[in-house]
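> coords please:
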Amino acid sequence: MTAPDCYACDKESEFERLPPRERVVADRHWRVAHAFGTAVPGWLVLLPRRHVTAVHDLTDAEAAGLGMWQVELSRALRDTTGCAKTYIVQFAEAEGFAHVHFHIVPRGEDLRSEHRGPGVFELLRRPERERVPADRADRMARALRARLDERANAGQAGHGIRTGTGRSRHRGGTPPKGVEADPGS
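Next up is the predicted model:
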């Protein structure tokens, strides 16, 4: 189900044509995108693939995957960016962005004190010249996907975490812990 005038739903309807930054990884219930307009490489957004405007309206299946995705994405960001920790935030209040979405933000050791905690959102309002360019976001998306694939193939990803759209890169036997990898991009 999608909704008119919803940025996330508009992107979901174009899923197969999205660039890597708009579909870092996805499974049946969740899609991960690199945030746009940010000055922080690796700032991710975790979105349900159907239109939902409140966390309490997530299905049990969506809720079951939510925590695993947040942890796995945080681990991949740590491994890829070297961040000290990640911030995970959900508001879904901006015009056109009422669709539930979770910001998963890598917080590096060198992040200035005024940008720590809620101040990190100032880094979504930077001038164009300070923003992560699309090609860099695409490279980050590919690096994160590769790291998630490595963890999945090593059996380190949480149960049920899949890094793609349903087809497995795993050859022979049962994929480790039910993990499937995206064959695209």
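> need the longest helix for this protein.
helix 60-81 (DSSP state H).
> which strands and helices sit next to the helix or strand following that helix?
Proceeding N to C from helix 60-81, the next assigned helix or strand is strand 85-89, under DSSP states H and E. Helices and strands touching strand 85-89, by 3 or more Cβ pairs under 8 Å, 6 or more residues apart in numbering; DSSP states H and E, are helix 60-81, strand 102-107. Backbone N, C-alpha and C define where each C-beta goes, glycine included.
> quick one: average pLDDT of the longest helix of the chain?
Taken as a whole, helix 60-81 has a mean pLDDT of 96.
> How confident is the prediction for the most centrally placed residue in the chain, by pLDDT?
Geometric centre of the chain, nearest residue: Val32, 2.9 Å, by Cα atoms, centre = their mean. Predicted confidence (pLDDT) at Val32: the value is 97.
> now the helices: where do they sit in the protein?
Along the chain, counting by DSSP H, helices occupy 7-12, 60-81, 134-153.
> Gln90 is nearest to which of the ones you listed?
Distance to Gln90, taken as Cβ to Cβ, is lowest for helix 60-81 among these, at 9.9 Å.
> Mind listing what's buried along the closest one?
Under the neighbour-count criterion of 16 or more other Cβ atoms under 10 Å, helix 60-81 has 62, 65-66, 68-70, 72-78, 80-81 buried.
> same thing with stretch 113-132?
Going by 16+ other Cβ under 10 Å, stretch 113-132 has these buried residues: His115, Val120, Leu123, Leu124, Arg131, Val132.
> which residues are in contact with that stretch?
Identification of contacts with stretch 113-132 by Cβ atoms under 8 Å, 6 or more residues apart in numbering yields 34-41, 43, 87, 105, 107, 111, 140.
> quick one, what contacts Val89?
So Val89 contacts Phe102, His103, Val105 (Cβ under 8 Å, 6+ apart).
> now, among these, which is nearest to Asp27?
When the contacts of Val89 are compared against Asp27 (criterion: Cβ to Cβ), the nearest one is Phe102, at 14.7 Å.
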